[in-house]
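> Here is a sequence together with a model predicted from it:
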Amino acid sequence: MHNPYQSPSSLAPDLRPAPGKRPLSIWLLLLVLGALALLFAVNTAAIIWFVFSYGAGLPVSFLPDVGWRLALLAAGLGALFGILRRRQWARWLAVLGMTALTAALFFIPDTAHYANDAERLATATGGTIVAPALMGWWIYAFGFSSKAKRYFAD
């Protein structure tokens, strides 16, 4: 028996929009995080192998050095997998890390030797204006653009 008061069935099963595609800024950060995680893993393994190759166990004074390397490796891999799984905490962790890297650009000492003042000025301009501006643009594109918001939407 047909109920005349029943609402008609809809052809659209779900009104939620499909999740956004992964923007270029996220692909770039995933590439950088993957490379850094691989670098930290290889360096940590090489240091541990070097210490154990002398036959002595792992000295206690060596544990903090290995510990912070493993913590950075875990944070990088956690952020990498969090970004892949579209987690909001990974988005903000990555924005914080990218901001810290941008701030670190100002604390790197310039130890290069330049042939003239033009080279020195170009390097100073690139290190204090161009590189932070590009990092700021990347931070915006990763964390605050409409494509990024759509990608990280729940």
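Arrived safely, thanks for sending.
> so where's the chain shaky on pLDDT?
1, 10-19, 55-58, 154 (pLDDT under 70).
> which residues of it fall in helices?
24-52, 63-84, 88-104, 117-125, 131-143, 146-151 (DSSP state H).
> Now the longest one: buried residues?
Going by neighbour count (16 or more other Cβ atoms under 10 Å), the buried part of helix 24-52 is 25-26, 29-30, 32-33, 36-37, 40, 44, 51. Yep, even glycine has a C-beta here, placed from its N, CA and C like the rest.
> Show me what it is packed against.
Counting contacts by 3 or more Cβ pairs under 8 Å, 6 or more residues apart in numbering; DSSP states H and E, helix 24-52 is packed against helix 63-84, helix 88-104, helix 131-143, helix 146-151.
> that older thread, kindly reformat the buried residues of helix 24-52 as CSV containing distance to Ser146.
Below are those laid out as CSV (distance: Cβ to Cβ, whole Å):
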residue, distance to Ser146
Ser25, 12
Ile26, 13
Leu29, 17
Leu30, 20
Val32, 22
Leu33, 23
Leu36, 27
Ala37, 29
Phe40, 33
Thr44, 39
Val51, 49
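> Specify which member of those is nearest to Tyr151.
Ile26 (6.4 Å; Cβ to Cβ).
> surely the closest one meets Gly143?
No: with contacts counted by Cβ atoms under 8 Å, Ile26 stays clear of Gly143, the gap being 9.9 Å.
> Need phi/psi at Arg87.
Listed backbone geometry of Arg87 is phi -90, psi 140, with angles given as degrees, to the nearest 10.
> That one - nearest residue in space that isn't next to it in sequence?
Closest residue to Arg87 apart from its sequence neighbours, by Cβ to Cβ, 6 or more residues apart in numbering: Phe152 at 7.8 Å.
> And for Ile108?
Gly127 (7.6 Å).
> give the contact list for the one you found.
Residues near Gly127 by Cβ atoms under 8 Å, 6 or more residues apart in numbering: 105, 108, 110.
> and the second one, how many neighbours does it have?
Neighbour count of Ile108, defined by other Cβ atoms under 10 Å: 8.
> same check, this time on the first one
Neighbouring residues of Leu105 were enumerated by other Cβ under 10 Å; the total is 12.
> Isn't it up against Gly136?
No: here Leu105 does not reach Gly136: they are 10.8 Å apart, not a contact under Cβ under 8 Å.
> Let me have the helices and strands packed on helix 24-52 in CSV, extended by mean neighbour count and distance to Ser9.
Putting the helices and strands packed on helix 24-52 into CSV (neighbours: other Cβ atoms under 10 Å; distance: least, Cβ to Cβ, whole Å) gives the following:
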stretch, mean neighbour count, distance to Ser9
helix 63-84, 15, 36
helix 88-104, 15, 35
helix 131-143, 16, 41
helix 146-151, 15, 29
